[in-house]
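1. Sequence and predicted structure are below.
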Amino acid sequence: MSASEDQIDVERVLAGDIAAFEGIVRRWQGPLINLAYRFCHDRGRSEEMAQEAFLRAYRGLGQWRRDAIFSTWLFALAINVYRSELRRIPAQTVALEDIAEPADTRAPDGGFEGRDRDATVRRAVGALPEKYRETLILYYFHELDVGAAARSLGLPEGTVKARLSRGREILRSKLPQLLAVPCLKEA
Amino acid sequence: MTRWTARERNDDELNHILSGEGEILPSSGFAASVMDAVRREAAAPPPIPFPWKRALPGLLAGVSAVALVLVAMVVAATHLGGTAVSPELALSSPSAVAFLFRENVRSVAGWTLLALLLTFVSLKLSMRLAAGEA
């Protein structure tokens, strides 16, 4: 995805060529829908949320300052939209205290069945307090890039690192069986 | 052999689980649906701007009234502060309001009249503007 393509399309839209916005939608629909999906885990709703984000982006295109990368601006805007949307109608999550670790789903090698474990951990992330949940979601969405997560959230990197650490700590304390296995690794 | 702490192992495990979340593909009509919404948005009439010109006199009157009330309160507080130390006052009038009415009745009445006048003027102005609108 090229930044200059975004800039050209933005200029055209601002000049009155609405159809140029389709280029922006086509380039960013995947990331925006996937980001929304990580927040709500509902395919239909994630498309609705992404559509709202695109509409807000269309209304606010003039506010994009060219010194910032377009995607950073778009993600920050989308996160604000998703945040308000999820405050209005929260995603279906269970309380962190109510998330049960898989009782007896050990695989033959002694580990938990991968799918159960992954689902439980993701449910637990969804049940984290908002600031930790958002930080963890953005960090993994941006492929473990603290800087990108910080820019999307509009926070200093130090704050993001602190929230990541605290979020993981909460997960460890709530899922001790799944996430507290010390081991040795070959160098 | 390198010893991994439990925390490092956990973080690695978490990274593995949360990074591996599957991608979903947008439905085929998504972009078209967004563009429909964008076109509807573009075709909609622009929002009616706030009538600043009409509201300005009322707003100014309101701000002036608030400023006058504040000034009146400061003046009253100064009066009260200057005489509050008097033991006479403490004995005879424990209420500050009663004191104001007793000792500064003229000045308080003046401020009250001014406030009422301003309220009346701003009310009349609003009613006239509203009548003009209808």
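-> Yep, that arrived. Computed from a predicted model, the values in this text were never measured in an experiment. Numbering: from 1, shown residues only, chains lettered A, B, ... in the order given.

2. burial of residue A:126, as a residue count?
-> 20 (other CB atoms under 10 Å in any protein chain shown). Using the backbone N, CA and C atoms, a C-beta is placed for each residue, glycine as well.

3. Residue A:76 and residue A:68, how far apart?
-> 9 Å (CB to CB, to the nearest Å).

4. Hmm, I typed the wrong one, I wanted residue A:42.
-> From residue A:42 to residue A:68 the distance is 30 Å (CB to CB).

5. cool, residue B:41 as well?
-> 24 Å.

6. what does residue A:87 give?
-> Taking CB to CB, one finds residue A:87 at 25 Å from residue A:68.

7. Over to residue B:31?
-> From residue B:31 to residue A:68 the distance is 24 Å (CB to CB).

8. Which one's more surrounded, the two?
-> Neighbours around residue B:31 and residue A:68, counted as other CB under 10 Å, are more numerous at residue B:31. The numbers are 20 against 12.

9. Look up the pLDDT of that one for me, please.
-> Here, the pLDDT recorded for residue B:31 equals 95.

10. Now do the contacts for the closest residue to it other than its chain neighbours.
-> Excluding the flanking residues, the one nearest residue B:31 by CB to CB, 6 or more residues apart in numbering or on different chains is residue A:25, at 4.8 Å. Listed by CB atoms under 8 Å, 6 or more residues apart in numbering or on different chains, the contact partners of residue A:25 are A:54, B:30, B:31, B:34, B:35.

11. of the residues you listed, closest to residue B:107?
-> Of all the contacts of residue A:25, residue B:107 sits closest to residue A:54, with 62.1 Å by CB to CB.

12. Tell me the helices and strands packed up against the host helix or strand of the closest one.
-> Residue A:54 belongs to helix A:43-59 when assigned by DSSP states H and E. For helix A:43-59, the contact count by 3 or more CB pairs under 8 Å, 6 or more residues apart in numbering or on different chains; DSSP states H and E identifies helix A:21-40, helix A:70-88, helix B:30-43 as packing neighbours.

13. now, of these, which is deepest in the fold?
-> helix A:21-40 (a mean of 21; mean count of other CB atoms under 10 Å in any protein chain shown).

14. Using PDB, list the CA coordinates for it.
-> Only the C-alpha atoms of helix A:21-40 are listed here, as PDB (Å, rounded to 0.1, in the frame of the first residue of the first chain):
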ATOM      1  CA  PHE A  21     -12.600   7.600  -2.000                       C
ATOM      2  CA  GLU A  22     -13.300   4.100  -3.300                       C
ATOM      3  CA  GLY A  23      -9.500   3.600  -3.700                       C
ATOM      4  CA  ILE A  24      -9.000   4.400  -0.100                       C
ATOM      5  CA  VAL A  25     -11.800   2.000   0.900                       C
ATOM      6  CA  ARG A  26     -10.400  -0.800  -1.200                       C
ATOM      7  CA  ARG A  27      -6.900  -0.400   0.200                       C
ATOM      8  CA  TRP A  28      -7.900  -0.200   3.800                       C
ATOM      9  CA  GLN A  29     -11.100  -2.300   4.100                       C
ATOM     10  CA  GLY A  30      -9.200  -5.400   5.100                       C
ATOM     11  CA  PRO A  31      -7.200  -3.800   7.900                       C
ATOM     12  CA  LEU A  32     -10.100  -1.800   9.300                       C
ATOM     13  CA  ILE A  33     -12.500  -4.800   9.300                       C
ATOM     14  CA  ASN A  34      -9.900  -7.100  10.900                       C
ATOM     15  CA  LEU A  35      -9.100  -4.500  13.500                       C
ATOM     16  CA  ALA A  36     -12.800  -4.100  14.300                       C
ATOM     17  CA  TYR A  37     -13.200  -7.900  14.400                       C
ATOM     18  CA  ARG A  38     -10.500  -8.100  17.000                       C
ATOM     19  CA  PHE A  39     -12.500  -5.800  19.200                       C
ATOM     20  CA  CYS A  40     -15.900  -7.400  18.800                       C
END
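
15. Give the rounded mean pLDDT of that helix.
-> pLDDT averaged over helix A:21-40 gives 94.

16. Check which residues of stretch A:143-155 are buried.
-> By 16 or more other CB atoms under 10 Å in any protein chain shown, the buried positions in stretch A:143-155 come out as A:146, A:148, A:149, A:150, A:151, A:152, A:153, A:155.
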